[in-house]
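>>> let's see this in three dimensions:
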Amino acid sequence: MQSADHSLPELLENGLDPDPLVQFGRWYEDALQAGLSQPEAMTLATATVEGRPSARIVLMKQYDEHGFVFYTDYRSRKGRELEANPRAALIFHWEPLQRQVRVEGGVERVSGDVSDRYFATRPRENQLSALVSDQSRPASRPELDHRFEEAQTTYQGRAIPRPPHWGGFRVVAEKIEFWQHRMARLNDRVLYQREADGRWQMLRLAP
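Residues are numbered from 1 along each chain as shown. Down below sits the predicted model:
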């Protein structure tokens with residue numbers, strides 16, 4: 001019978017921060033320091049009001065005590081599903097570190113000012129793409145290229161405004177689970193749950 005590899009670091013409750021957003025920051029910094037490719041990449045799962053799920057990879061652009069922020073076209077499939085059913089799940093998977101973080105919670109739009117500030121930092125080509133693409137809608141390659149070229153001409157030498165259909169969503173965490181690999185599939189799983197009073201409860205889950 002295969003036994004657990006006790007040379008791996010254990011994920012112990014007394015070594016974790018009582019605030020899961022602080023703990024996430026520690027693990028995220030570990031991923032950055034390890035030189036992982038796009039540690040900000042996360043799986044975003046949404047669902048229709050009928051419960052039909054869909055998932056895709058998006059990039060986290062900000063996290064703080066309020067939650068995890070990403071940006072998209074509000075008219076995209078994920079945008080439409082989040083407007084109709086404002087709940088989501090996230091997964092960060094840092095395989096070289098043998099770690100995952102799972103997040104569940106409600107979803108809200110960030111303010112227009114926040115979206116404007118982020119949009120202004122994007123590469124100009126990405127700004128033009130957001131302006132001309134009707135994300136998730138049928139479109140031909142020549143049509144997209146033509147619209148992109150037209151926008152390049154229109155905004156030559158000018159600032160590109162954020163399209164009103166494009167902006168940020170914030171996943172306001174209600175549950176955050178930290179998962180760390182252990183041999184024999186006796187993986188460490190520590191779950192934080194937000195209580196009604198806003199405090200976080202920590203508990204260990206069986207693998």
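
>>> now for the helix or strand of the chain with the lowest mean pLDDT, which elements pack on it?
In the chain, the helix or strand scored least confidently by mean pLDDT, DSSP states H and E is helix 141-154, which has a mean of 85. When contacts are defined as 3 or more C-beta pairs under 8 Å, 6 or more residues apart in numbering; DSSP states H and E, helix 141-154 packs onto helix 124-132. All C-beta atoms are positioned from the backbone trio N, CA, C, and that covers glycine.

>>> and the helix it packs on, what does it pack onto?
Partner elements for helix 124-132 (3+ C-beta pairs under 8 Å, 6+ apart): helix 141-154.

>>> SS state for residue 177?
strand (DSSP: H, G, I helix; E, B strand; the rest coil).

>>> can you count the residues close to the residue nearest to residue 193 when sequence neighbours are not counted?
Of all residues not flanking residue 193 in the chain, residue 201 sits nearest, at 5.0 Å (C-beta to C-beta, 6 or more residues apart in numbering). The local packing of residue 201 (other C-beta atoms under 10 Å) involves 10 other residues.

>>> can I get the CA coordinates of the helix or strand containing residue 201 in PDB?
Using DSSP states H and E, the element containing residue 201 is strand 200-204. C-alpha atoms of strand 200-204 as PDB (Å, rounded to 0.1, in the frame of the first residue of the first chain):
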ATOM      1  CA  TRP A 200     -14.500  33.600   8.100                       C
ATOM      2  CA  GLN A 201     -14.700  30.100   9.500                       C
ATOM      3  CA  MET A 202     -11.900  27.600   8.600                       C
ATOM      4  CA  LEU A 203     -12.400  23.900   8.400                       C
ATOM      5  CA  ARG A 204     -10.500  20.900   7.000                       C
END
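
>>> counting by contacts, list what it packs against.
Looks like strand 200-204 contacts strand 188-194 (3+ C-beta pairs under 8 Å, 6+ apart).

>>> hmm, who's touching the strand it packs on?
10-11, 13, 16, 20, 23, 173-180, 182, 200-207 (C-beta atoms under 8 Å, 6 or more residues apart in numbering).

>>> for that strand, which strands pair with it and how are they oriented?
As defined by DSSP bridges, the strand partners of strand 188-194 come to strand 166-180 (antiparallel), strand 200-204 (antiparallel).

>>> residues of the shortest one that come out buried?
Of the residues in strand 200-204, 200, 202 count as buried by neighbour count, 16 or more other C-beta atoms under 10 Å.

>>> next one: stretch 122-136
122, 127-133, 135.

>>> equivalent analysis for stretch 105-122, please.
Going by 16+ other C-beta under 10 Å, stretch 105-122 has these buried residues: 105, 107, 109-110, 114-115, 118-119, 122.

>>> of the residues you listed, which belong to helices?
114-115, 118-119 (DSSP state H).

>>> residue 86: which of the buried residues of stretch 122-136 is nearest?
residue 135 (18.6 Å; C-beta to C-beta).
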